Structure formats: C-alpha cells, structure tokens
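Asker: return a 3D structure for these sequence lines:
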Amino acid sequence: MSVEAMPLSSSNPDRPGITLEMTREAARRAGITPQFEFIPWRRAQEQVANGRDLLITPLARTPEREDRYRWIALLYRVERTLASLDKPVDSLAQAQAEKRTILVGAGTAQEQLLHSAGYPPELILSAKVGEREIDLLVSGRAQAWLNSSPETIWRWQQAKRPEPLLLGRPIQSDDVYLACSRDCSAPMIESFSQAIREMRSDGSMDRLLLRYEGGY
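Answerer: Alright, predicted model coming up:
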C-alpha cells in the first residue's frame, strides 16, 4: 500500500518516487514481485494493520502507530513544515496565536501531530492526500499547510502557481519506514531487511536520495 505523495511515492510506474524506487529495488533483491495499491491513506493503514503480510510505505514511525505495524527498515528522514502565502509560520504556537486554520492530509502523521499537540480541532482542515490542498490554501480556506517539505515543494512546482510559497522552520522531523502488518512472516521481514542493508552498504540508497534531491 502506498499513497500519491510525490516526490516520495506515486502510482506512475515511470516516476514512482524515491520511496517506491527503494522498495521496488529491495523487492527485486529479495526475489519478491510486489503489487502496489493506492487507496485512501487512512483506509490503507487500517487494511495493512489488520491484514497479513501486507507492506506499507512511506509510513512515518510515530508513537501512535508504533504497536500497529512491524517496522522493517528505515528508509530516510523528512522534515515537516508549515507552508503559507503571507508570511512564514515557524511554529504551531504562532499558528494558534494567529488563529490560522491548518490544512493536513487525512490520516497522515501531520494530522496526528496536530491532535497530539492539542491544536484546536476547529482550526484543523483535513483533506484527502494529493487532491485539493493547493486550492484550499490559495482560496484562503486554510492559512497554512502542514506537510513534508519535499512533497509541498514538488506539488507547488507542479501547480505552477505565481504566488511565492513560504516555508517556516521545521515543526518536526520523522523517520520514514517500510512497514508490514503485525501478522507478518519472518522470512519476508528478513528478506527485505537484508536487501535494504545491502542497498545502504553498496551506496544505492544514498544515490537515490541524491538523485531526487537534485530535482523532482
């Protein structure tokens, strides 16, 4: 299971994103042929957590998710920032003081972050990942967008909006993993873990990261 969140992941087989390129190569080395599915992200997480031998990525390893999955391997870290159009927003405290409605993807680590931090529910706007975020920000329905920085930048570049997008200081950094259902076969976990260890050792992971950092 994955989600439309370029440059991290995409259903486009020619541009699958950094996470799915890593996963696809790890699967090849493990002798496994994966089938990627893209369904609403909250439902995907529930299906994997309650299923058997189902993989999910890119999934941030958060305290709320810790006991729901088997965490196979760390892939990389991402920073989460608030994007705005009028001035930089550097903290949730600033956003709350300015009574900003914050846009987040439904079922994402960003949504969990806002709830865990006690951000006022009436100032949280959840939307399906990858659909209307830019329109909601530009229209003023939301006055800040909390998301991973690479995804926000990529989406804004693709939309070719004329307004300058302002990113505040990082709100949080998270480890992004390849994870599996709680009911997950030990041989599959070990096969993927070994493949990703090899990819780190031979430089494949670093080369992928550098290629995506060079341009989305």
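
Asker: okay, which residue is most central for the chain?
Answerer: Geometric centre of the chain, nearest residue: Pro58, 5.3 Å, by CA atoms, centre = their mean.

Asker: which ones are touching that one?
Answerer: If you count contacts by CB atoms under 8 Å, 6 or more residues apart in numbering, Pro58 has them with Ser2, Val3, Ala5, Leu8, Ser9, Thr19, Leu75, Val176, Tyr177. Where you see a C-beta, it was placed from the backbone N, CA and C, and this is true even at glycine.

Asker: what about the residue nearest to it when sequence neighbours are not counted, distance to Leu178?
Answerer: Nearest in space to Pro58, with sequence neighbours left out and distances taken as CB to CB, 6 or more residues apart in numbering, is Thr19 at 4.2 Å. Per CB to CB, to the nearest Å, Thr19 is found 8 Å from Leu178.

Asker: overlap in contacts, the two.
Answerer: Thr57, Leu75.

Asker: picking up where we left off before, could I get the contacts of Pro58 as a markdown table with distance to Val104?
Answerer: A markdown table is the format used below for the contacts of Pro58 (distance: CB to CB, whole Å):
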| residue | distance to Val104 |
| --- | --- |
| Ser2 | 19 |
| Val3 | 13 |
| Ala5 | 13 |
| Leu8 | 16 |
| Ser9 | 18 |
| Thr19 | 19 |
| Leu75 | 22 |
| Val176 | 17 |
| Tyr177 | 20 |
